[in-house]
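>>> The sequence isn't on hand, but the structure is:
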């Protein structure tokens, strides 16, 4: 027993002696400024002296500061050093996998992924003046103004604006769309899928003939605000158009022209063409100021079709009806074979389209929204298309290589088998085709995207706006 006590005492004494020796060596090293490598990372007094040095530095630069303030500022300085290390910006392609994130593939970025667009949002928020337009291009996933109707409402509630924006002269799903009532007849519709067609708008359509149409914008909440009701059309000389019972002569020397037909509090517009060969694209409802989303959906499109739009038309659109953000949401129509896993052909076909769009819409930011989930039946059970992860990675690659912002719609809706889950819920969030989210589902997608835009918006430094 006595032997164990002596042994414990010896161990304790050894620890104390070593500590004292180590402390003395640390003090000597700190005092003489020596840097012995084995001691460098475990110097017992380095943190104490470092804090004193920082405090002395603060005191020299601020002779009237009190001791408590010195300590507080020392702590802040230490925290800032740590924060700078943690928030160092690094290139990170794998950010494309993150849900609810609009990314420029820079981790810890303090700058918006869509800088020009976000700057315009800040200006609109601060001044309540000016217009911001978003061209949202996609396939049947946004047909009937799905997703865009909710996103438009949320953005207008936050940043101002009244009006549904662009509406085509005629649409075969007009009865499905709830944001505008449209009745049209008597028009010839040339579009993307007609091989001989040309001269169509970014919507993929151009209308001619002695047709008539009536529209009622059902998005207007404030019926006291004047709404500009415009007609968008192609080249024409002395074209005759009747609107709301009044005849109007349209002259247009550009590939795209825009004329305001009425500016009042009415939400309705009726037109009829008296010049059969006059090319018409659509009408537009916009308040004087605010943010507007134009829905350009085309069923069955992969995005390749946009390459068919005449460059002169694309270039003129930006000068006549300027867009600040171009959103591209495609992908589901590439997933038509359940066993496909290689989509390199998509990049080959879409790259010249992206280059063409970026050249035409100069000054606009671009956001590539990935395909949402899409399921096939495998061994008798619906599951996410096996090639979808490859397609989304390819879309992210295209976005990064073309300096476009990216948003992972698939991850944001829940990832693998989310469309299966959405279709089986009660009430359901998707159709039984396991391809298309319904009204309820697209409202969720729109809210997610809106919140991602707000997160990007919050990164903007207002001081930079004041400097400019």
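Structure's in. What do you need? Everything numeric in this text was worked out from a predicted model, so none of it was measured.

>>> who does the residue nearest to the spatial centre of the chain bridge with?
Nearest to the geometric centre of the chain sits residue 367, at 5.1 Å (Cα atoms, centre = their mean). Under the criterion DSSP bridges, residue 367 forms beta bridges with residue 327, residue 405.

>>> For it, give its distance to residue 335.
Separation of residue 367 from residue 335 (Cβ to Cβ, to the nearest Å) stands at 21 Å. Backbone N, C-alpha and C define where each C-beta goes, glycine included.

>>> With residue 363 instead?
According to Cβ to Cβ, residue 363 and residue 335 sit 33 Å apart.

>>> more neighbours, those two?
Higher neighbour count among residue 363 and residue 335: residue 335, with 21 against 11, using other Cβ atoms under 10 Å.

>>> Quick check: that one vs residue 391, distance?
For residue 335, the distance to residue 391 equals 7 Å [Cβ to Cβ].

>>> Mutual contacts of the two, please.
Any residue near both residue 335 and residue 391 by Cβ atoms under 8 Å, 6 or more residues apart in numbering counts here, and that gives residue 371.

>>> all helices for the stretch 351-468 of the chain, in order.
388-401, 409-412, 418-424, 439-457, 462-467 (DSSP state H, counting those that start in this stretch).

>>> Just to be sure, residue 167 is in a strand?
Yes: looking at residue 167 with DSSP: H, G, I helix; E, B strand; the rest coil, it is inside a strand.

>>> thought it was touching residue 213?
No: the criterion here is Cβ atoms under 8 Å, and residue 167 misses it with residue 213 at 9.2 Å.

>>> Mutual contacts of these two, please.
182, 283.

>>> And the helices in the protein?
For the chain, helices defined by DSSP state H occupy the ranges 2-32, 37-40, 46-61, 67-86, 115-127, 148-159, 311-320, 344-360, 388-401, 409-412, 418-424, 439-457, 462-467.

>>> and those helices, which one is worst for confidence?
The weakest mean pLDDT among the helices of the chain belongs to helix 46-61, with a mean of 44.

>>> Identify the bridge partners of residue 384.
In beta-bridge terms (that is, DSSP bridges), residue 384 pairs with residue 375.

>>> distance of it from residue 435?
12 Å.

>>> Name all residues that make contact with the nearest residue to residue 430 once chain neighbours are set aside.
Nearest residue to residue 430, sequence neighbours excluded (Cβ to Cβ, 6 or more residues apart in numbering): residue 422, at 3.8 Å. By Cβ under 8 Å, 6+ apart, the residues touching residue 422 are 413, 414, 428, 429, 430, 437, 441.

>>> quick one: the first one and residue 444 touch, right?
Yes: Residue 413 is within contact range of residue 444, at 7.3 Å (criterion: Cβ under 8 Å).

>>> shared neighbours of those two, anything?
residue 437.

>>> Neighbour count: these two, which is higher?
Comparing residue 413 with residue 444 by other Cβ under 10 Å, the one with more neighbours is residue 413, at 22 against 17.

>>> Please tell me how far the more buried one sits from residue 377.
20 Å.

>>> For residue 152, list the residues it contacts.
Applying Cβ under 8 Å, 6+ apart to residue 152 gives the contacts 164, 165, 179, 219, 292, 293.

>>> Report how many residues lie close to the closest residue to residue 104 other than its chain neighbours.
Closest residue to residue 104 apart from its sequence neighbours, by Cβ to Cβ, 6+ apart: residue 113 at 4.0 Å. The number of residues packed near residue 113 is 25, by other Cβ under 10 Å.

>>> so residue 113 makes contact with residue 404?
No: with contacts counted by Cβ under 8 Å, residue 113 stays clear of residue 404, the gap being 9.2 Å.

>>> Break the protein down into its domains, please.
With automatic domain parsing as the criterion, the domains of the chain are listed as 2-86, 90-161+290-468, 166-190+203-288.

>>> Provide a list of residues in contact with the residue nearest to residue 214 when sequence neighbours are not counted.
What sits nearest to residue 214 in space, not counting adjacent residues and going by Cβ to Cβ, 6+ apart, is residue 270, at 4.3 Å. Applying Cβ under 8 Å, 6+ apart, we find residue 270 in contact with 212, 213, 214, 215, 243, 244, 245.

>>> what's the neighbour count on residue 320?
Residue 320 is flanked by 14 other residues according to other Cβ under 10 Å.

>>> check contacts around it.
Going by Cβ under 8 Å, 6+ apart, residue 320 touches 232, 254, 256, 257, 258.

>>> one more time with 7 Å
Applying Cβ atoms under 7 Å, 6 or more residues apart in numbering, we find residue 320 in contact with 254, 256, 257, 258.

>>> Pull up the per-residue confidence for the third one.
When you say that, I think you mean residue 257. Per-residue confidence (pLDDT) for residue 257: 97.

>>> re the thing from before, would a markdown table of the contacts of residue 422 with distance to residue 154 be doable?
Converted to a markdown table, the contacts of residue 422 look like this (distance: Cβ to Cβ, whole Å):
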| residue | distance to residue 154 |
| --- | --- |
| 413 | 17 |
| 414 | 20 |
| 428 | 23 |
| 429 | 18 |
| 430 | 21 |
| 437 | 17 |
| 441 | 16 |
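
>>> Those, buried ones only, as a PyMOL selection?
Here is the PyMOL command that picks out the buried ones among the contacts of residue 422, judged by 16 or more other Cβ atoms under 10 Å:
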select buried, resi 413+414+429+430+437+441
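
>>> Quick check: buried residues in stretch 258-267?
Residues of stretch 258-267 classed as buried: 258, 261, 262, 267 (neighbour count, 16+ other Cβ under 10 Å).

>>> And for stretch 103-118?
Residues 103, 104, 105, 109, 112, 113, 114, 115, 117, 118 are the ones in stretch 103-118 that count as buried (16+ other Cβ under 10 Å).

>>> ok, the nearest residue to residue 188 once chain neighbours are set aside - contacts?
Distance criterion Cβ to Cβ, 6+ apart; nearest residue to residue 188, sequence neighbours excluded, is residue 209 at 4.6 Å. Shown in contact with residue 209 (Cβ under 7 Å, 6+ apart): 186, 187, 188, 273, 276.

>>> and if you look at residue 159?
Residue 159 sits in contact with 121, 124, 125, 290, 291, where contact means Cβ under 7 Å, 6+ apart.

>>> one more time with 10 Å, if that's ok
The neighbours of residue 159, taking Cβ atoms under 10 Å, 6 or more residues apart in numbering as the test, are 120, 121, 122, 124, 125, 128, 132, 289, 290, 291, 457.

>>> Pull the most distant pair out of those residues.
The span of the contacts of residue 159, defined through Cβ to Cβ, is set by 289 and 457 at 17.9 Å.

>>> The nearest residue to residue 248 once chain neighbours are set aside: neighbour count?
Nearest non-adjacent residue to residue 248, counting by Cβ to Cβ, 6+ apart: residue 241, 4.9 Å away. By other Cβ under 10 Å, 21 other residues sit near residue 241.

>>> please renumber so the chain begins at 650
Shifting the count to begin at 650 puts that one at residue 890.

>>> Which strand residues bridge residue 890?
With DSSP bridges as the criterion, residue 890 is bridged to residue 897, residue 922.

>>> From residue 1087, how far out is it?
For residue 890, the distance to residue 1087 equals 37 Å [Cβ to Cβ].
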